Structures are given as structure tokens and as C-alpha cells.
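predicted model and sequence follow; I will ask about them next.
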Amino acid sequence: MTGSRPDIHVVDDPAIVVGELIAAQAARGGSIVLTGGSSVDRSYLHAAHLTPDWSSVTVWWGDERCVPPDDDLSNYKLAKESLLDHLTVQPAAVHRIKGELDPAQAADELDAALDGVTLDFMLLGLGPDGHCASLFPGSPQLDVDDRRAVHGPAGLEPWVERVTMTMPTLQSARRIVFVAGGASKADAVQRAFGGEVSHDVPASLLRNAAAPVEVYLDAEAAAKL
Ligand code: 6PG
């Protein structure tokens, strides 16, 4: 399977460019799906600076670690501290994944909340193993196509249970944006966006989505493409 050709952008500072994209979407309004990981806090801070009024936005997360919202591992906490706390007008709705609940219950709640929802902007990071959201290579969650959200174990650090949108839900977004930086991502970038579409590389499956996959990279992350 080759999938569609990703729209690759190699830029000096992908986190900042993606912050601009998030801000532009927030100004237009709609539903924005956030991610976790080590580099998106700069995107969120920049987006809040450029567009501090999120009154027309509903916010979602593509995945969450099963920890309380004030835990340092929480994707919600990351977004709260780098985005929500910096806004002058809060989003119309914040659909936090409840990491403090039993994971099956949190997944059920997310699944129900997503019923009938169109996701306008899906932000995704890329793990060194090719995962995105909390859909890890070889995990049974990756094959779930009859739910909008599931729970399951982590395939990589931090080793806490996860709740995640399923692949069909990620693929349903009207706009799909990946951000990755640094040499440690170069192999995964090549496998996800330069190789075949494969279940071994979950992020590559987004290339089967209706929307073209936009990928924002720095030169180090793009080095093996
Ligand atoms: C998470 C994420 C995950 C992340 C990638 C990239 O909860 O960890 O949502 O999918 O985006 O693992 O993260 P890094 O930028 O930290 O490598």
C-alpha cells in the first residue's frame, strides 16, 4: 500500500509554524484536537499568543495517559499550562479525556462524546517507533474500527495505561497535521512518510485518510526522507 503522498514541509522551527496553524484554526473556530509529547508546548504557547480568544473553538485530545489531570504526565495538564492558561477567552468546550477514571470508562465517555462530531484540525506527534496518539505498532487497539475511542497499555514510555481515539477517528479529521523535530525522529519520519503504508508504522496509516497529511519537520527529522 502506498497511500497518498504526504505534504512535507521542512522548516527551521516546526513547533512555531504549527503554532501559527493552530492559531489560524482557532481564529476561524471549529474543533481542534491536541496531542501530548515533548515539543508541542511551544506550539501551544505560540498559538495562545497569536489567538488568545478561543470562544469559537471546541478542544479535544487525541489521547491521554491514565493519570489525574494535575499529574505531570497528563496531556491535559500540558495543554492547560501552555495553552488554556494563556487565553483571554476560554474555548466554548474543553473535552478533556478523564485520565483519573477507570480507563474503560474514560474511553467509553470519549467514544460517546465524539458521536456525530466532525473534527476540523487533528494535531499529531510521531513517536520514535512510529506511533501516533496512543496507537502503538502491533497493539490490538490499532485494529479497532467499530469505536471512536479505546483504552489499552502503552507501547512505550511512560508506561501508563492510555485512552486514545481510534485510527478511523484520527483519519476522519478534515485537516491532519504532524509535527516532529530532531534527529531522534528521522527513522520514524522516513518509515511513516517516506515508506509504504503499514500497520507496523501506525502514523503511516493516516495517509489513507481523505484529507492530505501535512507534516512539519526540521532538517534533522527530515534527514532520511
Ligand atoms: C503522548 C502522545 C504521543 C506523542 C508522541 C510524540 O501522549 O505521548 O500523544 O502520541 O505525540 O509520542 O511525542 P514526543 O514528541 O515526546 O516524542
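Alright, I've got the coordinates.

and the ligand, is the longest helix along the chain touching that?
Of all the segments assigned as helix in the chain under DSSP state H, the longest by residue count is helix 14-28. No: with CB under 6 Å from any ligand atom as the threshold, helix 14-28 lies outside contact range of the ligand, at a closest distance of 9.8 Å. Glycine gets a C-beta too; all of them are placed from N, C-alpha and C.

now that helix: buried residues?
Using 16 or more other CB atoms under 10 Å as the test for burial, helix 14-28 gives 14, 15, 17, 18, 19, 21, 22, 23, 25, 26.

identify the residue nearest residue 223 in space, chain neighbours excluded?
The shortest distance from residue 223 to any non-neighbouring residue, by CB to CB, 6 or more residues apart in numbering, is to residue 186 (4.8 Å).

residues in contact with the one you found?
Going by CB atoms under 8 Å, 6 or more residues apart in numbering, residue 186 touches 220, 221, 222, 223, 224.

in the helix or strand containing it, what counts as buried?
Residue 186 is part of helix 186-189 when elements are defined by DSSP states H and E. Of the residues in helix 186-189, those buried by neighbour count under the rule 16+ other CB under 10 Å are 186, 188, 189.

okay, now the sheet partners of the helix or strand following that helix, with direction.
The C-terminal neighbour of helix 186-189 among helices and strands, as given by DSSP H and E, is strand 213-217. If you go by DSSP bridges, strand 213-217 pairs up with strand 7-10 (parallel), strand 176-180 (parallel).
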